[in-house]
Every structure is written in structure tokens, then in C-alpha cells.
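>>> need the 3D shape of this:
(chains A, B and C)
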Amino acid sequence: MGSYLTAFLVGGLICLIGQLLFDLTPLTPAHVLVLFVVAGGILGGLGLYDPLIKFAGAGATIPISSFGNALAKGAMAEAARSGPIGILTGVFELTRTRHHRLDNLRLFLRPAL
Amino acid sequence: MTTKLGRQTFAFQTKPVLIGHATVAGPKEAQGPVGSYLDKVFPDLVMNQASFEKAEQLMMKTAVEIALEKCSLSKEQVDVFVAGDLLNQIITSGFTALKVGAPYLGIFGACSSFCEGLFAAGLLVDSGAAQNVVSATSSHNCTAERQYSYPTEYGAQLPPWAQHTVTGAAATVLAAQGSGPRLELATVGKVMDLGIKDPFNMGSAMAPAAADTLITHMEDTGRKPGDYDLIVTGDLGKVGREILVELGQREGLDLSSNYRDCGELIYSKEQMENAGASGCACVAIVTLGLLFNQNYQRVLVVATGALHSPTSYQQGDSIPTIAHAVSIEFS
Amino acid sequence: MIFIGGFLTAIGVFDRIARHAGAGSAIPVTGFANSVVSAALEFKREGFVLGVGSKMFIMAGSVIVFGVVTAFVVGLISALI
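Okay, the predicted model is just below:
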């Protein structure tokens, strides 16, 4: 129950900040979304977004800021593995979805190939 | 022969006659207070066409055809077809002009096109050179949204001062002789810009233009607001109309008793979205539908338009606006 | 969530929800899906290549661009430290 509550509250808080920016500033929705993605990326780079995800679960992964975090983490991880070129190649690494069922299918079909 | 009064007003000496007119609109407008005056109602926004743009063209063409039918004129008898709309390169007008087949003058005044068109048509007829001039305008909620703001299914929350673009079209036929309301005067507006940058706040941007044109009109003609049964603005909406009344008060113009805004008249209270309606068709449908059926003797129609584009807005420019006024007499 | 956002946009319901929800529907990834799907639906009339293909990211494009740029800068900084 607790994790649902924190997800709801954190997710809601993030969206509330967004709504305040919509209503009180001349920023367009596009501007605000860009701000969130960049903020997510910067927080991810500082290592601050993952603790938030651990705390709030979906409340932190569903907002668009987590997209920025995922991109930044991917770039950093690949850079640590293969040097500076990894920055570019790794950006979309963590945003790929894992098709577990497709992996199983591949294993299944291997004898037939 | 047309004469000039003061700085910006033109008087049509022969007082061209509106021998015919037609208004068509979409479902929302049909359910509003002017619904019963519409010549044709389209049940949805697509109108069985391949795109919203084509639907808007169909509306304008239909309005022109019904207007001509009402005064028993054929397309070949039209000396000039004057038309304008909101879309880039005024494609609605151009493509409709192709179907009308008459010599064509495209105009762009954004939502002030209705009065700009009447002025041009009035000049042509008053000069004695043209016998029958058709003036048309249209707007469509989806084509305007697509071009000026967001894709139609995009979930954006509009601010309370935003306005809803009317889906409709109107056509008028102006002739030298005949029976009907007469075009008496027209005041051509100057472009005004008081620095409003929010494209969702049209009302505030256009109010100064309406004020300037109204004040100039009264000065040029020596009239007062009370000389008209009713003064209407095109689409200032709730916000803009209050600003106009206040601006008027500062210049000694009393708009408290006989002034209304078409953007507030076209939809009922339940239908009202945010601050009211806008679009070229708004002022046209309310004027030709509602005002023409009220036993007025003389009305002043002030159509207001915003002359920005998505590009100018994105480049950080504020919104220049304009208002044209036309005085119509009923016998 | 992406599927939900896309689906609700396709059936024409998302914008009605968004009118009341505001940032509540725009900030989560549903808003991202809505921006892409609504643009794709809108510009289908201009064809698949010039319409859908080139304009479907018209609203979401800046989010993607700035997300990638931020990731690049963050990755660069982390690689240099």
C-alpha cells in the first residue's frame, strides 16, 4: 500500500510543478516538457534520480523526466564501458524495451535455423 | 463615386445594396442562438471531404452558391469575387474562386476579412464599374487549430482567455440597385500593436485596434455611438470587450449601452468555451444572421483581426492587429 | 502508459481528459505518446512521407533533442571526471 501512495504523491507532485509552470509562466507545454527532460538528465547525471525511483517507483519513472534520466544513464554507462564514443552509442541503450518473450522465441527457433 | 471623410473613412455615395447573402456553419454553431438563421448546416467538421481544408472550401462554395441563388444571379454575372480566410496563402478563397469562376481578388485581414471584403466590394460597386460583386469569408475550427496551434487531438489545456474558432462561411452579393440593406460607410483600420505576445490572448491584442478604428470612425463622421442601433465587434471575446469599453471610456466613447461582441453572441452560455468565439465566420454569421433580422435601422460592424503567424510568434514578435468598420443601413 | 496515451489519443478522448488534467496528462509519458500520435493522425492528410513521416515528432521533437543533448553533455562530463 505504501508504495502505491508514494508513487501517487511523487508523481502528482511532479505534475503539480508542471501545472504551476503552465499556469504561472509564459512557457508553452513544449518548453515545460523540455525542462523536465533536461532536469531528469541532469539529476540522472548527478546520481540523484535513481534514489528517487527507488523511493517512488512508477511515480518517478512515468513522468517524462525519467526519459531524460534513462538517456543520461545510458550515455554514462556506455562511456564507462567503451570510452568517450560510448556517449553517443549508449544514449538509447536503456530506453529499449526488453522483449523477454521474443528472446525465448529466438532460443526456441535456434535449432530450426 | 466614393468620397473620403476625415482620416480613414470612406462614404459610398450610391450606397451599394446587399441584394443577397448566405451563411453556413457546423454543428456547434447550429446549436447556438444564430442556428435558426443559417442557410445550411453541416452535421460534422469533415463534411465527407478528404480534409478539413476541403471541408472549409465546400462551406465557402456553398455559401456563395446559396447567396447567388437568392438573388437569381448566375456565376457568370458576378463581376468580381472578393474573398479571404485564415489559412496560409488563403487557399480556401483561391480554391473556391476556381469553382466560382469569376474574376478574383484575394484579401487577408484574418478575422477582419468580412468587413475588408465588404469595403472592397463596396468600392467596386460604388465606382459604377461593377454591377454585382460577391464577397465571401470562412473559417474552420480544425484548419485554424492545425495551422496556428496544435494538432487537433493534442491534449493542450487552453487558458481561460482563449477563444474557439467558428466553423462556418458567409457570402454577400453587393449590387448597384435592388432591395436590401445598404452599405453606407466604411472605416479602414490601421494596424495596431500594443505588445501582446500570447497568441491565445487574441481579445486583448485586438481591443486596441477596435478602439482606434471606432474612435477614428466617430471623429471622421462626427457621429456618436448612440447614432447606431447597435455596434458589434467581431471577436474580442469576454476579455477583449471589457478592454475595449475601458479604452473607449478614456477617449470619451460611451459603449456601455449598445455594444456587443459577436464572439459572445454566437454561442449560448452552455456552449461557451473559455472567452468566446473567433474566426472570420464569427462576425459574418452573427451579422448576416442575427443582426439582419432585428428591425434595426443602422448598425456598425467592426470586424477585428490578428495579423500574426506561427512564425512571427515563434520568432518572438508581438501580435499586430487591425479592425475595419462598416456601417449598414436598413430601410 | 505509452500505449494508453496513444490509444486514448486515437479514439479522440485524450484531449478531453487533458482539458481537465492539464499537466497531469502532459507530464507523464502519456503526454509524449499523445504528442506523437496526435501529430501523426493530423498530418496523415499530407501523405505518409511528407506528412506523417516528417511531422509526427513536431511536438515531441524538442523533448527528444534536448534529452539526447543533455545525455550527451552529462555523459561527456562523467567521462571526463
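
>>> which one of the residues in chain B is closest to chain A?
B:A156 (5.8 Å; Cβ to the nearest Cβ). Quick note: C-beta positions are derived from backbone N, CA and C, even for glycine.

>>> for chain C, just list every one of the strands.
With DSSP state E as the criterion, chain C has no strands.

>>> first-to-last residue distance for stretch B:190-207?
For stretch B:190-207, the first-to-last residue distance is 13 Å (Cα to Cα, to the nearest Å).

>>> what pLDDT, on average, does that stretch get?
Averaging the model's pLDDT scores along stretch B:190-207 yields 92.

>>> so is that stretch next to chain C?
No: looking at stretch B:190-207 against chain C by Cβ under 8 Å from any Cβ of the partner chain, there are no contacts, and the closest approach is 13.8 Å.

>>> near chain C, which residues of the stretch 51-200 of chain B show up?
Taking Cβ under 8 Å from any Cβ as the criterion, the neighbours of chain C within the stretch 51-200 of chain B are B:51-52, B:146, B:150-158.

>>> for the residue of chain B closest to chain A, what are its contacts?
The contact partners of B:A156, by Cβ atoms under 8 Å, 6 or more residues apart in numbering or on different chains, come to A:29, B:149-150, C:15, C:18, C:26.

>>> just the buried members of these?
Those of these that meet the buried threshold are A:29, B:149-150, C:15, C:18, C:26, by 16 or more other Cβ atoms under 10 Å in any protein chain shown.

>>> out of those residues, which sit inside helices?
Judged by DSSP state H, helices contain the following of these: A:29, C:15, C:18, C:26.

>>> for chain B, what is the nearest residue in chain A?
Of chain A, the residue with the smallest distance to chain B, taken as Cβ to the nearest Cβ, is A:P29 at 5.8 Å.

>>> pretty sure that residue contacts C:G22?
No: under the criterion of Cβ atoms under 8 Å, A:P29 is not in contact with C:G22, lying 9.2 Å apart.

>>> before we move on, back to that, CSV for the ones in helices among the buried ones among the contacts of B:A156, including pLDDT and distance to B:D261?
As requested, these are exported to CSV (pLDDT from 0 to 100; distance: Cβ to Cβ, whole Å):
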residue, pLDDT, distance to B:D261
A:P29, 88, 29
C:D15, 89, 27
C:A18, 90, 28
C:A26, 89, 31
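
>>> farthest-apart pair in those residues, please.
Longest distance between any two of those is 12.4 Å, between A:P29 and C:D15; criterion Cβ to Cβ.

>>> B:C262: what's its closest spatial neighbour, skipping adjacent residues?
Closest residue to B:C262 apart from its sequence neighbours, by Cβ to Cβ, 6 or more residues apart in numbering or on different chains: B:V286 at 3.9 Å.

>>> do B:G234 as well
Skipping the residues right next to it in sequence, B:G234 comes nearest to B:V283 by Cβ to Cβ, 6+ apart, at 3.5 Å.

>>> chain A: helices as residue ranges?
Using DSSP H, the helices of chain A run over A:2-24, A:29-45, A:49-56, A:58-61, A:65-82, A:86-89, A:100-109.

>>> A:I14 - nearest residue in space that isn't next to it in sequence?
A:P63 (4.7 Å).

>>> is that neighbour in a bridge, and if so with what?
Beta-bridge pairing for A:P63 (DSSP bridges): C:P28.

>>> same deal with B:A25?
B:V41, B:G168.

>>> from B:Y37, how far off is it?
Distance of B:A25 to B:Y37, given as Cβ to Cβ, to the nearest Å: 10 Å.

>>> then B:T9?
If you go by Cβ to Cβ, the gap between B:T9 and B:Y37 works out to 29 Å.

>>> the two - which one has more neighbours?
Relative neighbour count places B:T9 above the other of B:T9 and B:Y37, with 21 against 16, counting by other Cβ atoms under 10 Å in any protein chain shown.

>>> helices and strands around the strand or helix carrying the residue nearest to B:G234, which ones?
For B:V283, the element it lies in under DSSP states H and E is helix B:280-285. Judged by 3 or more Cβ pairs under 8 Å, 6 or more residues apart in numbering or on different chains; DSSP states H and E, helix B:280-285 is in contact with strand B:17-25, helix B:113-126, strand B:132-139, strand B:168-175, helix B:262-265, strand B:298-306.

>>> residues contacting it, please?
Residues from elsewhere that reach helix B:280-285, judged by Cβ under 8 Å, 6+ apart: B:23, B:25, B:29, B:34, B:37-38, B:84-86, B:110-111, B:113-115, B:137-139, B:166-170, B:232-235, B:262-263, B:266, B:301, B:303-304.

>>> contacts only, for the residue most central in space within chain A.
Nearest to the mean C-alpha position of chain A, counting by Cα atoms, centre = their mean, stands A:S66 at 2.7 Å. The neighbourhood of A:S66, defined by Cβ under 8 Å, 6+ apart, consists of A:40, A:49, A:53, A:60, C:29.

>>> out of the helices and strands packed on helix B:280-285, which gets the lowest mean score?
Comparing mean pLDDT over the helices and strands packed on helix B:280-285, the weakest stretch is helix B:262-265, at a mean of 93.

>>> what sits against whichever residue of chain C sits closest to chain B?
When you check chain C against chain B by Cβ to the nearest Cβ, the closest residue turns out to be C:A18, at 2.6 Å. With contacts defined as Cβ under 8 Å, 6+ apart, the neighbours of C:A18 are B:155-157, C:25-26, C:31, C:34.

>>> can you list the residue ranges for strands in the stretch 151-300 of chain B?
Here the stretch 151-300 of chain B has its strands, by DSSP state E, counting those that start in this stretch, at B:164-165, B:168-175, B:182-187, B:230-233, B:259-261, B:277-278, B:298-306.

>>> save these as a markdown table, and put in mean neighbour count too.
As requested, those are exported to a markdown table (neighbours: other Cβ atoms under 10 Å in any protein chain shown):
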| stretch | mean neighbour count |
| --- | --- |
| strand B:164-165 | 24 |
| strand B:168-175 | 31 |
| strand B:182-187 | 24 |
| strand B:230-233 | 25 |
| strand B:259-261 | 22 |
| strand B:277-278 | 34 |
| strand B:298-306 | 28 |
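
>>> any idea which of those gets closest to C:A10?
Ranking those by distance to C:A10, with Cβ to Cβ as the measure, places strand B:164-165 first at 23.3 Å.

>>> can you give the contact residues for the closest one?
Around strand B:164-165, the neighbours that count as contacts under Cβ under 8 Å, 6+ apart are B:86, B:139-141, B:144-145, B:267, B:273-274, B:276-279.

>>> partner strands of it, parallel or antiparallel?
Taking DSSP bridges as the criterion, strand B:164-165 forms sheet pairs with strand B:277-278 (parallel).

>>> I would like the residues contacting the strand it pairs with, please.
Around strand B:277-278, the neighbours that count as contacts under Cβ under 8 Å, 6+ apart are B:111, B:163-166, B:202, B:234-235, B:237, B:262-264, B:266-267.

>>> quick one: B:Q271 and C:S54, what's the gap?
B:Q271 sits 36 Å away from C:S54, taking Cβ to Cβ as the criterion.

>>> show me the contacts for residue 16.
Defaulting to chain A. Counting by Cβ under 8 Å, 6+ apart, A:L16 makes contact with C:A23.

>>> wrong chain, I was asking about chain B
The contact partners of B:P16, by Cβ under 8 Å, 6+ apart, come to B:121-122, B:125-126, B:133, B:174-176, B:182-183.

>>> mind picking the two most distant members of those?
B:V133 and B:R182 (14.2 Å).
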